[in-house]
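based on what follows, work out the 3D shape:
(one chain, ligands or ions: 2)
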Amino acid sequence: MSIKIQDLTVTFKNGVTAVNHADLLIPGGIYGLLGENGAGKTTLMRVLTTVLKPTGGNVTIDGMLYSEGNYEKIQKKIGYLPQEIDLYPQLTVRECLEYMGELSGVEKTECKKRIDKYLEKTSLAEHQKKKMRQLSGGMKRRVGLVQALLNEPDFLIVDEPTTGLDPEERIRIRNLLVDFAEDRTVLFSTHVVEDLAATCNQLAVMKKGEFLFAGNVRDLLNAAKGHVWSCHVEEDWMARKLEEKYHISAKQYTDRGMQLRLISERRPGIECEPCEATLEDAYIYMTNEF
Ligand SMILES: Nc1ncnc2c1ncn2[C@@H]1O[C@H](COP(=O)(O)OP(=O)(O)OP(=O)(O)O)[C@@H](O)[C@H]1O
Ligand SMILES: [Mg+2]
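Numbers count the residues shown, from 1 in each chain. Ligands and ions are numbered 1, 2, ... in the order given. Below is the predicted model:
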């Protein structure tokens, strides 16, 4: 399943353009969407779920145009975990999921089977009798993911699925998404670069409603090659001076001062060693001006 976005624009009534003439091809598998706060990720995802109508441009899903006449067919192919989700506080986890399954038209017996399967995979089985309002933030997020999976969609859109999860659950959810994407398309937005490094081969970097990069993780890393440096300074004021001049992607106190990781277009004018770019370095290199 592939999704083609062409010249897409979303301008809200208050004049804010959240997506600005954007083009993107999302192929099968798991695809990452990375971008700072306000970049336009959620707005783009809302268009892809048909919740929001764009102001310009178009989207096709396996060649089918996002037009109102096709919305119902398209919605059947899609599962969505919104960034903010607050599901029926008075219902238990199980009741809530059975209700959501019914709304998305999944046959009852099949729905029960799927609920069992995904509650197990998200470590929620033991909490299924709890009321939604009694759950922690991370648990609510996982119930949200289960509801998005219930119709086993061809195109799963997950807006920051790992936010608020503890390290073990984050890994479990990431792996669940990778497995789910084996024969489907999953669009995965996050601010957590290491989540994408661990799951996606392909990603897009968004800033101010535009795509600064779209392609292989390897190509993004290559773009930052030769622009990442490590240096050691002994005094705090030296570190501060470097911070004014360069983008610092990491700093760490050592016995003798501070170790800094600099992102710079050219070799910095101090003693330093080149180092291999991480995805985080590459993201900073891509999204900042030098
Ligand atoms: N309903 C709305 N009306 C007006 N402006 C909006 C609306 N929704 C979003 N925006 C604006 O559109 C821009 C993009 O917002 P969006 O929520 O898509 O960003 P995002 O990349 O998801 O950010 P975050 O990482 O914080 O979730 C922001 O400037 C935001 O203030
Ligand atoms: Mg968002």
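
can you tell me the SS state at the residue of the stretch 1-150 of the chain at minimum distance from ligand 2?
Of all residues in the stretch 1-150 of the chain, Thr42 sits closest to ligand 2, at 3.2 Å by Cβ to the ion. C-beta here means a position set from N, CA and C on the backbone, and glycine is covered the same way. Assigned by DSSP: H, G, I helix; E, B strand; the rest coil, the conformation of Thr42 is helix.

how many other residues sit next to it?
19 (other Cβ atoms under 10 Å).

state whether it and Leu81 are indeed in contact, as I suppose.
No. Taking Cβ atoms under 8 Å as the definition, Thr42 is not a contact partner of Leu81, at 11.3 Å.

what residues are shared contacts of these two?
Asp159 (Cβ atoms under 8 Å, 6 or more residues apart in numbering).

and Leu242, what element?
Assigned by DSSP states H and E, Leu242 falls within helix 236-245.

how about the CA coordinates for that helix, as CSV?
C-alpha atoms of helix 236-245 as CSV (Å, rounded to 0.1, in the frame of the first residue of the first chain):
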residue,chain,number,x,y,z
ASP,A,236,33.2,26.0,31.7
TRP,A,237,33.6,29.4,29.9
MET,A,238,35.2,27.6,26.9
ALA,A,239,32.2,25.3,26.7
ARG,A,240,29.9,28.3,26.8
LYS,A,241,31.8,30.0,24.0
LEU,A,242,31.5,26.9,21.8
GLU,A,243,27.8,26.7,22.6
GLU,A,244,27.3,30.2,21.3
LYS,A,245,29.1,29.4,18.1
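
before we move on, the earlier item: quick one, what contacts the residue of the stretch 1-150 of the chain closest to ligand 2?
Taking Cβ under 8 Å, 6+ apart, one finds 82-83, 159, 189 in contact with Thr42.

try it again at 7 Å.
Applying Cβ atoms under 7 Å, 6 or more residues apart in numbering, we find Thr42 in contact with 83, 159.

got phi/psi on the closest residue to ligand 1 within the stretch 151-290 of the chain?
Proximity of the stretch 151-290 of the chain to ligand 1 (Cβ to the nearest ligand atom) peaks at His191, 6.1 Å away. Torsion angles at His191 (phi, psi; degrees, to the nearest 10) stand at phi -100, psi -10.

burial measure for it, as a count.
16.

ok, it - contacts?
Here His191 is in contact with no residue (Cβ under 7 Å, 6+ apart).

and the strands in the stretch 1-150 of the chain?
Here the stretch 1-150 of the chain has its strands, by DSSP state E, counting those that start in this stretch, at 3-11, 17-26, 29-35, 56-61, 64-65, 78-81.

any idea which of those strands is most buried?
strand 29-35 (a mean of 24; mean count of other Cβ atoms under 10 Å).

that strand near ligand 1 at all?
Yes. Judged by Cβ under 6 Å from any ligand atom, strand 29-35 and ligand 1 are in contact via Gly35.

again, but for stretch 55-71
No. Legend: contact between stretch 55-71 and ligand 1 by Cβ under 6 Å from any ligand atom is lacking; minimum distance shown is 12.1 Å.

tell me how far the ends of that stretch are from each other?
Stretch 55-71 stretches 16 Å from its first residue to its last (Cα to Cα, to the nearest Å).

SS state for the residue nearest the centre of the chain?
For the chain, Ser189 is the residue whose C-alpha lies nearest the centre (Cα atoms, centre = their mean; 1.3 Å). For Ser189, the assignment made with three-state DSSP gives strand.

what do you get for the one 5 residues further on?
In three-state terms, and counting by three-state DSSP, Glu194 is helix.

for Met64, give the beta-bridge partners.
Ile61 (DSSP bridges).

my guess is it meets Gln75, correct?
No. In this structure Met64 lies outside contact range of Gln75 using Cβ atoms under 7 Å: 11.8 Å.

hang on, the earlier thing: does the residue nearest to the centre of the chain touch Thr43 like I think?
No. Counting by Cβ under 7 Å, Ser189 does not reach Thr43; the two are 10.9 Å apart.

count the residues that sit near Lys117.
Neighbours around Lys117, by other Cβ under 10 Å: 14.

which elements pack onto the helix holding Leu242?
strand 257-263 (3 or more Cβ pairs under 7 Å, 6 or more residues apart in numbering; DSSP states H and E).

for the strand it packs on, which strands pair with it and how are they oriented?
strand 228-233 (antiparallel), strand 247-254 (antiparallel).
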